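Asker: Fold the following and give me the result.
(2 chains)
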Amino acid sequence: MNQTSHSLSTAAHGATGMVGKTLAWTATTARLMARAVASGRSQESRPEGEAAGAGAAAAAAGAPEADTTEAVSTSGASTVLETVRETDSDRAGGGAASTQWLTSARDGRHHQPAPPGAPRPRPSAPLTAAAVATAGSALGLLLTGPVEWIESWRNQADLFLSLWILLFVLSLAALWTAGAVLRAVRREAPAAPQDAAAPLPRPRVLGAWAALLFVICLAELLSHSGTRNGFLASSRPESGVEAWTAADGYATLLDGVPAQGDGLFLLPMLRTFLDEGAPGPSEYDRRAGHTYLVALLQRPLGTYWGFAALNLLAWWGAALGVWWLGRRYWPGTLVPWIASLFVATGGGFVFMGAAPQPHAVAFGAFVLLLVLAESLAVWESRPAPAAGIKLGWATGAAGLIYFVHFPALLYYWLYGLAGGRARPRLLLTATAVAVALLFVWQGYAAVLLGLTFAGGNNEYAGEAVRSWLTLAARGPEALLGQLHGGSLRGLFAGAFPYLYWVLALLGLLRSPARSRVWALAILVAATLPAIAFTTRFQLPRLAYFAYPAVYLLAAAGVAALASWLGGRSRPRRLLIAAGAVLVVAALANADLAGSQRFNVWFHYGMGNTW
Amino acid sequence: MSAATAPVTARRPAPRTLRLAAWTLLALAVVVSLAGASPATLWARLFFGVVLLAGVVALAGLAGAWPQVIAAAALLLLVVAQRAVQRPVTEPPSPQWTRPLQGPEQTVQQTVALPLGTPAWERLWQRAAGAFVYVCARSPLDAADGLELVANDVSLGTITEAQAIGPRPGPTFVGFYRIPVARDLLERQSPARLSLRRLPGATPRAIPICGTFSYRPSAGPESSRYFDGAGWWLPGPAQGGRFTVEVRVEDATGRPIWVTY
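Answerer: Purely as a prediction, here's the structure:
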């Protein structure tokens, strides 16, 4: 490793111009990544799930602190997680978790040397993928061919990051798959069952938190309705993107309220469900489930507020769902609480909340599916009866709202493979049922309603796949040109402002292995469809399906920061956490102060500009 | 102890009973939803009633028997409201329509109330590099078509393809034309009056001028007008519309920083 990086450095010193810059990148990144991989071996030295589980299980059993081991997060002075240490008095009080607060340096976990004869540690898949991505991206910079744009440092950095994202996501998915195959060949036992989540808070606390989240979601929706809706506002001429829209942007008037223009095209289907008109083919035939749900609310609330109310319910459900998932994967910490606030003030929901579109409902449905997979014990040795059929049914139903089935099915498989918990028969059943449901609707509606499922939005998925195959056939220059034109860095920075990514990276480093793998599985599953679509559109709203992972990891990052900066003072730690939440919430509400920048980025992506 | 004095213990329904009640409510909801519906609506509702509503009730069952009953009851309530409340989906005003200008006797007129003399207007001009009138019409336009733009009774010349801006999917599609207008000319009358007309001797072909819906017209709902040679037609009162003739103030980069109609 050292020899490689040394020779690359030497080469870089002797080279000039573009090649020299690239070699310098390569040398530095190779050194850093090699170091990371080396340290990663010790951080994730056990099968996924066991690392966090051992410590937590020991702690939950009331083991002395000195016996609590944790194979992650060892380098810093403190950790994100509160070690769930129960005292006698806690146990006497009903066995609730001793505290919900953050830990301090005293609670840090420490490595214990591996016992003699212990199995050889496996390299960490995420770190290996990161190393592959780094080396591949550096190499990729050399393969662009004679194009002018590569001379600019900004374009180089953008291409490097875009290529890094692509290679990391693909490598990680491949490594997880290979690992699962290897485990199957070796007939290794499946991973240990998951730890039980921390007990629920008192009903009054839970109710108050649910009410608070609802109030925040409602306030965000109302303050971003009508002309202030980000989807609509960012299409107005003043946003500087669209040169074809009139003064009111790409809009229609629903019940006299300005709404994003595509809402107009959902009305024929809405009228069909309301028995006000005959069905006719549209670009949205595959998303009829969304319109059906709106039809249930349209009569009492009107058309515009029917759409908005459904979005609100999904938004609130997503906040509650992320809280629930946070409790499960970051038990006994502030993470679920912070993350649910991130959802309630989340840029994607704020942007979509008052839009007559299925995206917000789909975001909510995605979290519901994650919760459902956990509730059905899909990852356990004894899943709920007919779990595959139930999960598949729910996934297919959600797929009739929007593209939820893409990230959801990818997630089931990836997390199953990554965590060593895949039950292939169950996952195959879920996949088959989900896909069958989508096709049943297509056949049913074609025969009975005359829908064609053709044109526009109906065909983008197939077009995206075909475009990538064409690019791949044309060689690396074409692929790199696509990554320059359809910057993945710009796509994901559009979906989540940089601050979220920084916090999420911090959270990733400070989270237990099980949570980390789970979050990465969601991240990969949610980003793959968004990446696939970049040949047609930059769709940060598709990348936003990663929000459960990004927000929970960012919340873990905030918790870690609060722990470091707040020291032993609990009020100070809470204040820091609250301050961080307010700062990131301010980003999603910057439009209320007149700045459409984040809305424009969420709408169109950042492209390859910085 | 007599029966009259025996403590009354509330009997909680068994979860099985509750679940049965939930599915009964759901079945009722589906029946209410389908009863009397036209065939297309019946088929559409049937599919999603089975797929989505049953899914919601089943999902709620994971949270317990009571949540399942509540979910089913809520769905029944919504379905009943759907059938009972009369609130048809109103047709939104058309976002894109056209009206042709064929001869010199026809005119499109847009009145725009500018916030002259206000601090906001002055602040705007501190950042502004110029003002432009944006007109949407069908392409292509050349000088022989003689489509003249008049601002406050002063001609700004004929509109041609040289002033076309923004995307057009094809050569004969509608699109914007951007015509510069001096600030002092814009401020000469209040409200400002912008007119489109055909010059005498222009080609006889009709030139469609775009219209859209009108949300906040600066000079009221009657600010957009069309004279057909005999009488005035007002798209605002007629269909909640307006002609797509706008004033845009732009900064030095050409980005609109203020738009009105």
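Asker: quick one: least confident helix or strand in chain B?
Answerer: helix B:54-62 (a mean of 91; mean pLDDT, DSSP states H and E).
Asker: helices and strands around that one, which ones?
Answerer: helix A:359-375, helix A:387-399, helix B:15-34, helix B:65-84 (3 or more Cβ pairs under 8 Å, 6 or more residues apart in numbering or on different chains; DSSP states H and E). To be clear about C-beta, it is placed using only N, CA and C from the backbone, and glycine gets the same treatment.
Asker: close to chain A, is the helix or strand following the last one?
Answerer: Proceeding N to C from helix B:65-84, the next assigned helix or strand is strand B:97-101, under DSSP states H and E. No. No part of strand B:97-101 sits near chain A under the criterion Cβ under 8 Å from any Cβ of the partner chain; the closest distance found is 12.2 Å.
Asker: how far does stretch A:389-399 sit from the chain's center?
Answerer: How far stretch A:389-399 lies from its chain's middle: 20 Å, per Cα atoms, centre = their mean, to the nearest Å.
Asker: Sorry, wrong one. I was asking about stretch B:168-175.
Answerer: 21 Å.
Asker: Now it: average pLDDT?
Answerer: For stretch B:168-175, the mean per-residue pLDDT is 89.
Asker: what's the answer for stretch A:549-565, then?
Answerer: 96.
Asker: For residue 89, give me the pLDDT.
Answerer: In the absence of a named chain, this looks at chain A. Looking at A:S89, its pLDDT reads 37.
Asker: wait, I meant chain B there
Answerer: pLDDT, read off for B:V89, is 96.
Asker: so it sits right up against A:L267, yeah?
Answerer: Yes. At 5.9 Å, B:V89 and A:L267 qualify as touching, with contact defined as Cβ atoms under 8 Å.
Asker: and A:G462, how far is that from chain B?
Answerer: Using Cβ to the nearest Cβ, to the nearest Å, one gets 22 Å for the distance from A:G462 to chain B.
Asker: before we move on, what about A:I576?
Answerer: 34 Å.
Asker: Run a quick neighbour tally on that residue.
Answerer: When neighbours are counted by other Cβ atoms under 10 Å in any protein chain shown, A:I576 registers 21.
Asker: related to what we said a few turns ago, is it possible to get CSV of the helices and strands packed on helix B:54-62 that adds mean pLDDT?
Answerer: What follows is the helices and strands packed on helix B:54-62, written out as CSV (pLDDT from 0 to 100):
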stretch, mean pLDDT
helix A:359-375, 97
helix A:387-399, 96
helix B:15-34, 95
helix B:65-84, 96
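Asker: out of these, nearest to A:W176?
Answerer: When the helices and strands packed on helix B:54-62 are compared by Cβ to Cβ, helix A:359-375 sits nearest A:W176, at 16.6 Å.
Asker: Against which helices or strands is that closest one packed?
Answerer: Where contact means 3+ Cβ pairs under 8 Å, 6+ apart, helix A:359-375 is packed against helix A:288-301, helix A:303-329, helix A:347-352, helix A:387-399, helix A:405-418, helix A:547-566, helix B:54-62.
Asker: again, only this time at 7 Å
Answerer: helix A:303-329, helix A:347-352, helix A:387-399, helix A:405-418, helix A:547-566 (3 or more Cβ pairs under 7 Å, 6 or more residues apart in numbering or on different chains; DSSP states H and E).
Asker: Quick one: the ones you listed as a markdown table, columns for distance to A:G485 too.
Answerer: Listed next are these as a markdown table, based on distance: least, Cβ to Cβ, whole Å:
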| stretch | distance to A:G485 |
| --- | --- |
| helix A:303-329 | 32 |
| helix A:347-352 | 24 |
| helix A:387-399 | 29 |
| helix A:405-418 | 23 |
| helix A:547-566 | 25 |
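Asker: could you dump those to CSV with mean neighbour count and distance to chain B?
Answerer: Output for the helices and strands packed on helix A:359-375, formatted as CSV (neighbours: other Cβ atoms under 10 Å in any protein chain shown; distance: least, Cβ to the nearest Cβ, whole Å):
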stretch, mean neighbour count, distance to chain B
helix A:303-329, 25, 5
helix A:347-352, 28, 20
helix A:387-399, 25, 5
helix A:405-418, 25, 13
helix A:547-566, 27, 17
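Asker: Setting aside sequence neighbours, what's the nearest residue to A:T345?
Answerer: Nearest non-adjacent residue to A:T345, counting by Cβ to Cβ, 6 or more residues apart in numbering or on different chains: A:A585, 3.7 Å away.
Asker: And for B:L53?
Answerer: B:L75 (5.5 Å).
Asker: my read: the one you found touches B:G55, true?
Answerer: No. Between B:L75 and B:G55 there is no contact under Cβ atoms under 7 Å: 10.9 Å.
Asker: So which of the two has more stuff around it?
Answerer: Taking other Cβ under 10 Å, B:L75 and B:G55 do not tie; B:L75 has more neighbours (25 against 19).
Asker: ok, the more buried one - contacts?
Answerer: Taking Cβ atoms under 7 Å, 6 or more residues apart in numbering or on different chains as the contact definition, B:L75 lies against B:L26, B:A29, B:L53, B:V56.
Asker: thinking A:Y411 is in contact with A:L523, fair?
Answerer: No. With contact defined as Cβ under 7 Å, A:Y411 does not count as touching A:L523 (9.5 Å).
Asker: count of neighbours near the residue in the stretch 351-500 of chain A that chain B sits nearest to?
Answerer: Closest to chain B within the stretch 351-500 of chain A is A:L448: 4.2 Å, counting by Cβ to the nearest Cβ. As a burial measure, A:L448 scores 16 neighbours (other Cβ under 10 Å).
Asker: now do B:S190
Answerer: 15.
Asker: Repeat that for A:L200.
Answerer: When neighbours are counted by other Cβ under 10 Å, A:L200 comes out with 11.
Asker: Kindly list the main-chain dihedrals of it?
Answerer: phi -70, psi 150 (degrees, to the nearest 10).
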